[in-house]
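Engineer: whatever this is, show me its structure:
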Amino acid sequence: MRTVAYFINKYLQLSETFIYNEITHIKRFHPIVIAKNILNRDVFPFEDIFLWERNKIEYILREHKAVLIHAHFGGGGIMVLPVALKLGIPIIVEFHGIDTSRYPRYFVYRRRLKKLFEKGNCFIAVSEDMKNDLVKLGCEEEKIRVCYIGIDVDKFSLKHHRVENINKIVMCGRFVEKKGFEYGIKAYARMKNKNTRLIIIGDGKLMPQMKEVVESLKLSSSVDFLGFCSHDRVKEELKRADIFLAPHVTARNGDKEGIPNTIKEAMATGLPVVSTYHSGIPELVKDGRSGFLVNERDVEGMSRCLEKLLDNPGLREEMGKRGRQMILEKFTLEGEIEELEEIYESNVKRL
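Structural biologist: As a prediction, the model looks like this:
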């Protein structure tokens, strides 16, 4: 079986389940992983992982007869490009958001990106919005393939909405600026419907700041910070929830999302989504059909949408079903792997 070598700077951050799913579900190629740092191997077990050592990397690629290199993130592509060119191995680079939004603000990164676009074989964007960003950065449109990151829908059962005394709104993600948690909390504070709880899942450097926001708005009795949760715990919380709130924003340093997997998982569970017109999110959430979208940082608009859903259990269920159908049609892990393997095949055949 032909070998594809995945290059990842850090194997793997806890939030990078999507990369692990990719590596472990490829069927037509044998995957190996090369990483500069190895983390969380107990969470993401994988046998063929090799530590990046400049004087050994060529040997590893030759020894395993790699026919293709798949680098994750623009920085990873830049790092492994010289080796790929030296050995004549096609290189595919998959971008994820920060590498097309924040990092291009740095002149050195943009200069290296220019060479990567010139010499690299194919570039994967995880949304149409990201494809447009890559074109603006100077990548030839013909070299770009949009491949939506998919989720394993079988792991998420469709919830049945019941009228409860207390309705639960969930936010989930790392506590970083682009998640927009501050605006979600403020939208929750403006709601007139008080028979609710806000559940916030995740961890990160901004958590103390978000707790201060909650305290200043006198919401401590109705907001729960769960911290980092296992994937199974997240799924359980989604099942118990009524609405998924994803108030994403473009950070002050330019950082943007691709299309957040947390939203996909919520939709697969059958939750209606309240989110923003941010990055590729409108490609996933259709305003008025599977949820509601407002402009970034529109606290009042978010609050109105939450109220509308809380006042209409039937609308919640209807939107939730449409959302799951969208996932089944365009955002499954099976569909992503099929698309990815076609990309691999087309680039290997150019040899």
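
Engineer: residue nearest the centroid of this protein?
Structural biologist: Nearest residue to the geometric centre of the chain (Cα atoms, centre = their mean): Pro260, 3.8 Å.

Engineer: pLDDT at the residue lying closest to that one once chain neighbours are set aside, what is it?
Structural biologist: Distances taken as Cβ to Cβ, 6 or more residues apart in numbering place Ala246 nearest to Pro260, at 6.3 Å, with adjacent residues excluded. Quick note: C-beta positions are derived from backbone N, CA and C, even for glycine. In this model, Ala246 is scored at 98, pLDDT.

Engineer: beta partners of Ala246?
Structural biologist: In this entry, Ala246 is beta-bridged to Ser275, by DSSP bridges.

Engineer: thinking again about what came up before, please look at the residue nearest to the centre of the chain and Pro247 and confirm they touch.
Structural biologist: No: in this structure, Pro260 is not within contact of Pro247 by Cβ atoms under 8 Å, at 11.1 Å.

Engineer: returning to that earlier point: dump the residue contacts of the residue nearest to the centre of the chain.
Structural biologist: Counting by Cβ atoms under 8 Å, 6 or more residues apart in numbering, Pro260 makes contact with Gly173, Ala246, His248, Ile281.

Engineer: name the member of those with the most neighbours.
Structural biologist: Counting neighbours by other Cβ atoms under 10 Å, Ala246 leads these with 28 neighbours.

Engineer: distance check, that residue against Pro208.
Structural biologist: Counting by Cβ to Cβ, to the nearest Å, the gap from Ala246 to Pro208 is 22 Å.

Engineer: now do Glu236: how many residues are near it, please.
Structural biologist: Counted by other Cβ under 10 Å, the residues lying close to Glu236 total 12.

Engineer: separation between it and Asp242?
Structural biologist: Distance check for Glu236 against Asp242: by Cβ to Cβ, it reads 14 Å.

Engineer: one more: Lys179?
Structural biologist: According to Cβ to Cβ, Lys179 stands 20 Å off from Asp242.

Engineer: show me how the chain divides into domains.
Structural biologist: Under the assignment automatic domain parsing, the domains of the chain span 3-150+332-348, 153-330.

Engineer: okay, now the unreliable bits of the stretch 51-200 of the chain?
Structural biologist: With pLDDT under 70 as the threshold, the stretch 51-200 of the chain has low-confidence stretches at 161-164.

Engineer: any buried residues in the helix or strand hosting Ile337, and which?
Structural biologist: Ile337 is part of helix 333-348 when elements are defined by DSSP states H and E. By 16 or more other Cβ atoms under 10 Å, the buried positions in helix 333-348 come out as Leu333, Gly335, Glu336, Ile337, Glu339, Leu340, Glu341, Ile343, Tyr344, Asn347, Val348.

Engineer: who are the packing partners of it?
Structural biologist: Contact analysis of helix 333-348 by 3 or more Cβ pairs under 8 Å, 6 or more residues apart in numbering; DSSP states H and E lists helix 17-25, strand 66-72, strand 91-94, strand 122-125 as its packing neighbours.

Engineer: in this structure, which spans are strands?
Structural biologist: Along the chain, the stretches classed as strands by DSSP state E are 3-11, 30-38, 49-51, 66-72, 91-94, 122-125, 144-146, 167-172, 196-201, 223-227, 243-246, 273-276, 291-294.

Engineer: pull out the buried residues from stretch 175-183.
Structural biologist: For stretch 175-183, the neighbour count (16+ other Cβ under 10 Å) marks Phe175, Glu177, Lys178, Lys179, Gly180, Phe181, Glu182, Tyr183 as buried.

Engineer: does the second one touch Glu257 like I think?
Structural biologist: In this case it means Glu177. No: taking contacts as Cβ under 8 Å, Glu177 lies outside contact range of Glu257: 11.4 Å.

Engineer: residues shared between the contacts of these two?
Structural biologist: Overlap between the neighbourhoods of Glu177 and Glu257 is empty, taking contacts as Cβ under 8 Å, 6+ apart.

Engineer: I'd like the contacts of Pro260 laid out as JSON lines, including distance to Glu265.
Structural biologist: Rendered in JSON lines, the data for the contacts of Pro260 read as follows (distance: Cβ to Cβ, whole Å):
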{"residue": "Gly173", "distance to Glu265": "11"}
{"residue": "Ala246", "distance to Glu265": "11"}
{"residue": "His248", "distance to Glu265": "15"}
{"residue": "Ile281", "distance to Glu265": "14"}
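
Engineer: what's the angle from the helix holding Ile337 to helix 17-25?
Structural biologist: Between the axis of helix 333-348 and that of helix 17-25 there is an angle of 70 degrees, by axes from the mean of the first three to the mean of the last three Cα atoms, to 10 degrees.

Engineer: send me helix 333-348 as PDB with only the CA atoms.
Structural biologist: Listed in PDB are the C-alpha atoms of helix 333-348, where the atom choice follows Å, rounded to 0.1, in the frame of the first residue of the first chain:
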ATOM      1  CA  LEU A 333     -16.300  12.100   8.000                       C
ATOM      2  CA  GLU A 334     -16.900   9.500   5.300                       C
ATOM      3  CA  GLY A 335     -17.400  12.200   2.700                       C
ATOM      4  CA  GLU A 336     -14.300  14.100   3.800                       C
ATOM      5  CA  ILE A 337     -12.100  10.900   3.500                       C
ATOM      6  CA  GLU A 338     -13.500  10.100   0.100                       C
ATOM      7  CA  GLU A 339     -12.700  13.700  -1.100                       C
ATOM      8  CA  LEU A 340      -9.300  13.600   0.500                       C
ATOM      9  CA  GLU A 341      -8.300  10.300  -1.100                       C
ATOM     10  CA  GLU A 342      -9.400  11.600  -4.500                       C
ATOM     11  CA  ILE A 343      -7.100  14.600  -3.900                       C
ATOM     12  CA  TYR A 344      -4.200  12.300  -3.000                       C
ATOM     13  CA  GLU A 345      -4.800  10.100  -6.100                       C
ATOM     14  CA  SER A 346      -4.900  13.100  -8.500                       C
ATOM     15  CA  ASN A 347      -1.600  14.400  -7.100                       C
ATOM     16  CA  VAL A 348       0.200  11.000  -7.000                       C
END
